[in-house]
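Colleague: could you work out the structure for the sequence below:
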Amino acid sequence: MSRFIDFSEGKAIMVNNADWLLSLNYVDLLREVGADFHVNNMLRAECYKQRLERDGGLSFLEFNYMIMQSYDFLELYRRYGCNLQFGGDDQWSNMLGGRELIRKKYGEKKADAMTITLLLTSEGQKMGKTVGGAVWLDPEKTSPYEFYQYWRNVNDADVLKCIRMLTFLPLDEIDKMDSWEGARLNTAKEILAYELTKLVHGEDEAQKAQSASRAIFTSGDSENMPTVEIGESDLNDGTIDIQAILIKCGFATSRSDARRCVDGGGVSADGDKITDAFKTFSPDDLKDGVVIKKGKKNFKKVLFK
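Modeller: Numbering: from 1, shown residues only. The predicted model follows:
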């Protein structure tokens, strides 16, 4: 986060709410906070109304989320003098809960909440970990190449909105892209992917990711392709099957998911379509690297080390 926020002396601080939540006593919490929350008011909150209407029910865990987030705001206020909570507009009710809790505990003391519009796809879906396909800032979780590819592959309908919301390109320059269609939208996607990768991972990584992407999709060159290493611990009776490889590459979440990918005809190894979901590879097969492809846009070189 230090790429975006100044954590130097007297500037921002980062804290972990486990510091106060894990030591909570349930009975004490009920006494201190429970009396300040009225069930009728909570059920009127938009976040709960939607869950009740859409899903037909609400677990006790979910119902307590507002209380716990409100308690976080109270502790931040007590410990650090934090009087403004900023978050996505889907958290509005939870943030108001914290604001009201601070008011009830400290009378005239004031706290406020501020929201930002969520980044939604053209279908109205959130872009986030709770809906799958999480994109992490941490390069250990999402490599710079994968990060670049995510933004390079956004839907045509979403690319200009993402450029406006997430990059620092001049608005008049973005406005000129409004008339772009067809192949020019791919150029816009490259601009989006490059600018965001540069912002998160630096210019060198952005250039590498862009070069690798262009090389793979134009010439099939795997030199700069992201590599997944297979070791002895990954082998089963001296081999590894395609299902395990797809999971290792992050192309499948489970063996059943991997089987569906193979059965659907979307998996290949060095350009040869794989039709056997139990096909195995030996260390010799992988010693020089095998390019595993899922669908049209997902490539990784699998190498035995």
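Colleague: the stretch 151-300 of the chain: strands as residue ranges?
Modeller: 227-230, 240-241, 267-269, 272-273, 280-281, 290-294, 298-304 (DSSP state E, counting those that start in this stretch).
Colleague: got JSON lines for the ones you listed, with mean pLDDT, distance to residue 207 and mean neighbour count too?
Modeller: (Glycine included, C-beta is placed from N, CA and C.) Below are the strands of the stretch 151-300 of the chain laid out as JSON lines (pLDDT from 0 to 100; distance: least, Cβ to Cβ, whole Å; neighbours: other Cβ atoms under 10 Å):
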{"stretch": "strand 227-230", "mean pLDDT": "90", "distance to residue 207": "18", "mean neighbour count": "16"}
{"stretch": "strand 240-241", "mean pLDDT": "96", "distance to residue 207": "33", "mean neighbour count": "19"}
{"stretch": "strand 267-269", "mean pLDDT": "91", "distance to residue 207": "28", "mean neighbour count": "20"}
{"stretch": "strand 272-273", "mean pLDDT": "86", "distance to residue 207": "32", "mean neighbour count": "10"}
{"stretch": "strand 280-281", "mean pLDDT": "94", "distance to residue 207": "32", "mean neighbour count": "18"}
{"stretch": "strand 290-294", "mean pLDDT": "89", "distance to residue 207": "22", "mean neighbour count": "20"}
{"stretch": "strand 298-304", "mean pLDDT": "88", "distance to residue 207": "19", "mean neighbour count": "20"}
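Colleague: can I get the ones you listed in a markdown table including distance to residue 186?
Modeller: Formatted as a markdown table, the strands of the stretch 151-300 of the chain follow (distance: least, Cβ to Cβ, whole Å):
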| stretch | distance to residue 186 |
| --- | --- |
| strand 227-230 | 26 |
| strand 240-241 | 35 |
| strand 267-269 | 23 |
| strand 272-273 | 26 |
| strand 280-281 | 34 |
| strand 290-294 | 20 |
| strand 298-304 | 17 |
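Colleague: if I look at residue 174, how far off is residue 183?
Modeller: Distance, residue 174 to residue 183, using Cβ to Cβ, to the nearest Å: 18 Å.
Colleague: more neighbours, these two?
Modeller: Neighbour totals were compared for residue 174 and residue 183, and residue 174 leads with 15 against 7 (other Cβ atoms under 10 Å).
Colleague: so which of the strands of the stretch 151-300 of the chain gets nearest residue 156?
Modeller: Minimum separation from residue 156 across the strands of the stretch 151-300 of the chain (Cβ to Cβ) falls at strand 298-304, 19.0 Å.
Colleague: from the contact counts, what lies against the helix or strand of the chain with the lowest mean pLDDT?
Modeller: Lowest mean confidence among the helices and strands of the chain (mean pLDDT, DSSP states H and E): helix 46-55, at a mean of 75. Contacts defined by 3 or more Cβ pairs under 8 Å, 6 or more residues apart in numbering; DSSP states H and E place helix 46-55 against helix 39-44, helix 92-106.
Colleague: that one: which residues count as buried?
Modeller: 47-48, 51 (16 or more other Cβ atoms under 10 Å).
Colleague: just the closest of these to residue 119, please.
Modeller: Nearest to residue 119 among the buried residues of helix 46-55 is residue 47, at 18.1 Å by Cβ to Cβ.
Colleague: what sits closest to that closest one if chain neighbours are left out?
Modeller: residue 93 (4.8 Å; Cβ to Cβ, 6 or more residues apart in numbering).
Colleague: show the model's pLDDT score for that neighbour.
Modeller: Looking at residue 93, its pLDDT is 90.
Colleague: that one against residue 48, yeah?
Modeller: Yes: the criterion here is Cβ atoms under 8 Å, and residue 93 meets it with residue 48 at 7.4 Å.
Colleague: hey, what's in contact with both of these two?
Modeller: With contacts taken as Cβ atoms under 8 Å, 6 or more residues apart in numbering, residue 93 and residue 48 have residue 66 as neighbours in common.
Colleague: so after the least confident helix or strand of the chain, what's the next helix or strand?
Modeller: Downstream of helix 46-55, the first helix or strand assigned by DSSP states H and E is helix 60-63.
Colleague: using CSV, write out every CA atom in the next helix or strand after that next one.
Modeller: Next in sequence after helix 60-63, counting helices and strands by DSSP H and E, comes helix 65-80. Extracted in CSV, the C-alpha atoms of helix 65-80 (Å, rounded to 0.1, in the frame of the first residue of the first chain):
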residue,chain,number,x,y,z
TYR,A,65,-21.3,-7.6,10.4
MET,A,66,-22.7,-4.1,10.9
ILE,A,67,-22.0,-4.4,14.6
MET,A,68,-18.4,-5.5,14.2
GLN,A,69,-17.7,-2.8,11.5
SER,A,70,-19.3,-0.2,13.7
TYR,A,71,-17.2,-1.3,16.6
ASP,A,72,-14.1,-1.0,14.4
PHE,A,73,-15.0,2.6,13.8
LEU,A,74,-15.5,3.2,17.5
GLU,A,75,-12.1,1.8,18.3
LEU,A,76,-10.4,3.8,15.6
TYR,A,77,-12.0,6.9,17.0
ARG,A,78,-10.9,6.0,20.6
ARG,A,79,-7.4,5.0,19.7
TYR,A,80,-6.4,7.3,16.9
